[in-house]
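Q: Take a look and give me a structure for this.
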Amino acid sequence: MIFNSIEFLLFAIGFFLLWPILGKRNNSRWIFITVASFIFYGWWDWRFLFLIIGSGLIDYFCGWGIEAQPRYRKLFFYLSVFGNLISLSVFKYSVFFANVLEDIFAKFSVEIHLQEQIPAFALILPVGISFYTFQSLSYTLDVYRGRLKPTRNIFHFFSFLSMFPQLVAGPIIRAKDFLMQLNRYRVPNALEKWNAVKMIVFGLFQKMVIADNLSLFIDSAFEGKSGFDGTAYWWLVMTAFSFQIYADFSGYSLIARGLSKYMGYHFKMNFNHPYLSKSLREFWTRWHISLSSWFRDYVYIPMGGSRRGVLYGLLALACTMLLSGLWHGAKYTFLIWAGIHVVWLIIERLTKWPKLFKNSAWIIPIIFAQALIAWVYFRAADVQQGNTVVANLLSFKPSDFTFLTTFYDSIFFLALAVLIEMVIYVRKNSVGVRKLYERINLDVVLVSMAIICILFLRGEGKQFIYFQF
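A: Numbering: from 1, shown residues only. You can find the predicted model right below:
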């Protein structure tokens with residue numbers, strides 16, 4: 001069930017009609033959220049429910065054991081960590097492990113086909129497994145660190161873990177932030193409801209109008225169907241992909257935040273216009289904030305961060321980014337994507353070069369270009385295709401500019417996406433424009449325009465990109 005579908009519209013209408021009735025008492029509220037979320041998640045494949053239930057039960061009982069049995073708290077902690085990581089490894093990384101083993105044996109002229117011979121190496125990837133696994137694991141980590149008291153009510157726990165707005169593509173919510181919110185039923189005021197509607201509408205606009213209308217241009221390029229080539233062509237393709245993945249993922253997060261706000265709950269911001277960043281470090285404080293902060297708090301800082309000297313800080317940075325690459329997917333291309341960011345970030349930390357341009361708007365396109373080159377491997381089918389695209393970007397290869405007329409519709413929506421970011425940049429950096437915007441109050445006009453675009457300019461419906469993670 002995806003947000004931009006009739007099925008979800010009917011589901012949401014039913015949920016919010018029952019919410020004022022079933023949401024007022026703790027037990028009925030937690031049970032209602034859990035059951036509704038299981039219906040939402042099981043819509044793809046009911047068998048996936050066993051995995052999220054199993055992962056949740058491990059952490060629920062381990063959290064209880066950490067507090068109730070202090071002598072064995074480390075045992076319960078390790079059981080939670082290994083249980084979650086083994087589950088994630090089996091379902092998400094078995095194909096990758098099989099490919100690595102096949103490649104190693106191929107070096108010695110030995111041909112094996114693990115995915116064909118052993119069913120465990122060809123498992124279907126459950127939707128959103130990386131999101132809810134990290135969310136569940138953060139519960140045990142915080143209980144172990146003494147930052148959170150474990151909940152006794154199992155439905156209280158599962159209403160946190162399976163909360164349907166953010167279940168399959170984030171943002172990743174923390175138990176210490178959200179379990180307390182679930183202890184109460186709160187009716188949002190008129191302003192909060194209006195902000196919730198704005199988030200949902202703008203999220204659908206980003207997904208259905210921007211991201212979906214860019215997909216044909218991008219897919220035809222990477223699937224070799226367009227017949228075009230050259231440096232200018234591939235720079236435009238990759239610019240389109242950069243905005244597609246941003247609009248797609250940011251759109252999902254906005255819809256999730258809007259739905260939760262309409263329920264009376266608050267999810268933290270997950271995207272804050274990352275392509276307006278003036279350093280790559282700043283980019284990672286603006287892009288997928290819930291994941292970046294998760295790795296910062298549970299990997300980078302526990303490793304020592306920058307407190308143990310420059311070299312150890314760089315090592316912690318590299319390990320954190322490479323683990324982030326693996327989190328995104330079990331492919332060499334994701335490791336290369338993360339590795340490119342490691343190189344950029346190390347150079348930036350050692351030289352502090354962005355400070356030379358801190359008062360110049362030119363720093364923004366430079367940082368965007370760095371992120372764009374890394375995005376090549378994120379989108380590429382394999383390393384060879386990624387290398388070919390990067391070679392095209394950097395080789396000044398001539399292009400046939402008739403692609404501008406062939407894909408004029410996609411390029412129009414790309415120009416629209418760039419224009420929106422430019423307007424936001426001007427509004428953020430100009431006091432006069434910001435005051436004018438606040439005085440005129442264009443929200444109603446913008447929401448109305450977004451709804452019209454959703455109805456009449458929507459692209460071909462596509463699944464959200466981050467469902468695969």
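
Q: if I look at residue 351, how far off is residue 243?
A: With the distance defined as CB to CB, to the nearest Å, residue 351 ends up 29 Å from residue 243. Quick note: C-beta positions are derived from backbone N, CA and C, even for glycine.

Q: How about residue 160?
A: Remark: distance between residue 160 and residue 243 (CB to CB) = 33 Å.

Q: Show me which of residue 351 and residue 243 is the more surrounded one.
A: Each of residue 351 and residue 243 has its neighbours counted (other CB atoms under 10 Å); residue 243 has more, 23 against 10.

Q: Next one: that one from residue 321, what distance?
A: For residue 243, the distance to residue 321 - CB to CB - is 23 Å.

Q: and if you look at residue 441?
A: 42 Å.

Q: Please apply the same query to residue 407.
A: From residue 407 over to residue 321 (counting by CB to CB), the distance is 33 Å.

Q: One more: residue 374?
A: 10 Å.

Q: now swap in residue 411 and tell me
A: Plainly put, residue 411 is 32 Å away from residue 321 if you go by CB to CB.

Q: who has more neighbours, the two?
A: When residue 411 and residue 321 are compared for neighbours, residue 321 comes out ahead with 24 against 19, by other CB under 10 Å.

Q: What helix or strand is that one located in?
A: In the assignment (DSSP states H and E), residue 321 maps to helix 310-328.

Q: which helices and strands does whichever helix or strand comes after that helix pack with?
A: Reading on from helix 310-328 to the C-terminus, the next helix or strand found by DSSP H and E is helix 332-351. In terms of contacts (3 or more CB pairs under 8 Å, 6 or more residues apart in numbering; DSSP states H and E), helix 332-351 is packed against helix 280-286, helix 310-328, helix 363-379, helix 383-394.

Q: If you count neighbours, what's buried in the third one?
A: Within helix 363-379, the residues scored as buried using 16 or more other CB atoms under 10 Å are 363-364, 367-368, 370-379.

Q: what's in contact with that helix?
A: Outside of helix 363-379, the residues within contact range by CB atoms under 8 Å, 6 or more residues apart in numbering are 218, 222, 235, 238-239, 241-242, 245, 274-280, 282-283, 328, 333-334, 336-337, 340-341, 344, 354, 357, 383, 386, 389-390, 393, 425.

Q: Try it again at 7 Å.
A: Contact with helix 363-379 is made by 222, 238-239, 241-242, 275-280, 283, 333-334, 336-337, 340-341, 344, 354, 357, 386, 389-390, 393, as judged by CB atoms under 7 Å, 6 or more residues apart in numbering.

Q: Weed out the non-buried ones from those residues.
A: Among the contacts of helix 363-379, those scoring as buried are 222, 238-239, 241-242, 275-280, 283, 333-334, 336-337, 340-341, 344, 354, 386, 389-390, 393 (criterion: 16+ other CB under 10 Å).

Q: tell me how far stretch 314-332 is from the chain's mean position?
A: In terms of CA atoms, centre = their mean, to the nearest Å, the centre of stretch 314-332 is found 15 Å from the chain centre.

Q: list the buried ones in that stretch?
A: Residues of stretch 314-332 classed as buried by neighbour count (16+ other CB under 10 Å): 314, 316-318, 320-322, 324-332.

Q: Any stretches of this structure with poor pLDDT?
A: Along the chain, segments meeting pLDDT under 70 span 94-103, 105-106, 108-124, 466-469.

Q: So it: which segments form each domain?
A: Domain ranges of the chain: 6-185, 191-278+358-468, per automatic domain parsing.

Q: Could you check how far the first one is from the centre of its chain?
A: Read that as domain 6-185. 16 Å.

Q: tell me, how many neighbours does the nearest residue to residue 457 once chain neighbours are set aside end up with?
A: Once flanking residues are discounted, residue 457 sits nearest to residue 209: 5.4 Å by CB to CB, 6 or more residues apart in numbering. Residues within reach of residue 209, counting by other CB under 10 Å, total 24.

Q: if I pick residue 209, what's in contact with it?
A: The neighbours of residue 209, taking CB under 7 Å, 6+ apart as the test, are 413, 453-454, 457-459.

Q: and if we set it to 10 Å?
A: Neighbouring residues of residue 209 by CB atoms under 10 Å, 6 or more residues apart in numbering: 247, 251, 413, 416-417, 450, 452-459.

Q: what's the most distant pair in these?
A: Across these, the longest distance by CB to CB is 18.8 Å; it joins 417 and 455.

Q: quick one, which of these two is more surrounded?
A: Each of residue 417 and residue 455 has its neighbours counted (other CB under 10 Å); residue 417 has more, 24 against 10.

Q: Run the chain-centre distance for stretch 377-387.
A: Distance, centroid of stretch 377-387 to centroid of chain: 20 Å (CA atoms, centre = their mean).

Q: Please apply the same query to stretch 295-310.
A: Its chain's C-alpha centre and that of stretch 295-310 lie 22 Å apart, by CA atoms, centre = their mean.

Q: end-to-end on that stretch?
A: One end of stretch 295-310 sits 19 Å from the other (CA to CA, to the nearest Å).

Q: what do you get for stretch 425-435?
A: First residue to last in stretch 425-435 (CA to CA) measures 14 Å.

Q: tally of neighbours for residue 293?
A: Residue 293, neighbours per other CB under 10 Å, totals 18.

Q: Tell me the spacing between the closest residue to residue 144 other than its chain neighbours and residue 83.
A: Spatial nearest neighbour of residue 144, excluding adjacent residues (CB to CB, 6+ apart): residue 77 at 4.6 Å. Per CB to CB, residue 77 is found 11 Å from residue 83.

Q: Name the residues contacting each of the two.
A: Common neighbours of residue 77 and residue 83, using CB under 10 Å, 6+ apart, are 62, 140.

Q: helix/strand/coil for residue 266?
A: Three-state call for residue 266 (DSSP: H, G, I helix; E, B strand; the rest coil): coil.

Q: wait, what's in contact with it?
A: 173, 177-178, 181, 186, 188, 192, 257, 260.

Q: What distance do you get for the spatially closest residue to residue 280 that is not a sequence neighbour to residue 246?
A: Nearest non-adjacent residue to residue 280, counting by CB to CB, 6+ apart: residue 344, 5.1 Å away. Between residue 344 and residue 246 the distance is 18 Å, computed by CB to CB.

Q: Around residue 338, count how many other residues there are.
A: Neighbour count for residue 338, taken as other CB under 10 Å: 22.

Q: err, residue 286, not the other one
A: 17.

Q: right, and residue 346 touches residue 281 too?
A: No - counting by CB atoms under 10 Å, residue 346 sits too far from residue 281 to count as a contact (11.0 Å).

Q: Quickly list what's touching both of those two.
A: Contacts common to residue 346 and residue 281, judged by CB under 10 Å, 6+ apart, are residue 317.

Q: ok, back up a step: quick one, the helix holding residue 321 and helix 363-379 angle?
A: Angle, helix 310-328 to helix 363-379, by axes from the mean of the first three to the mean of the last three CA atoms, to 10 degrees: 50 degrees.

Q: I appreciate the help and will end here.
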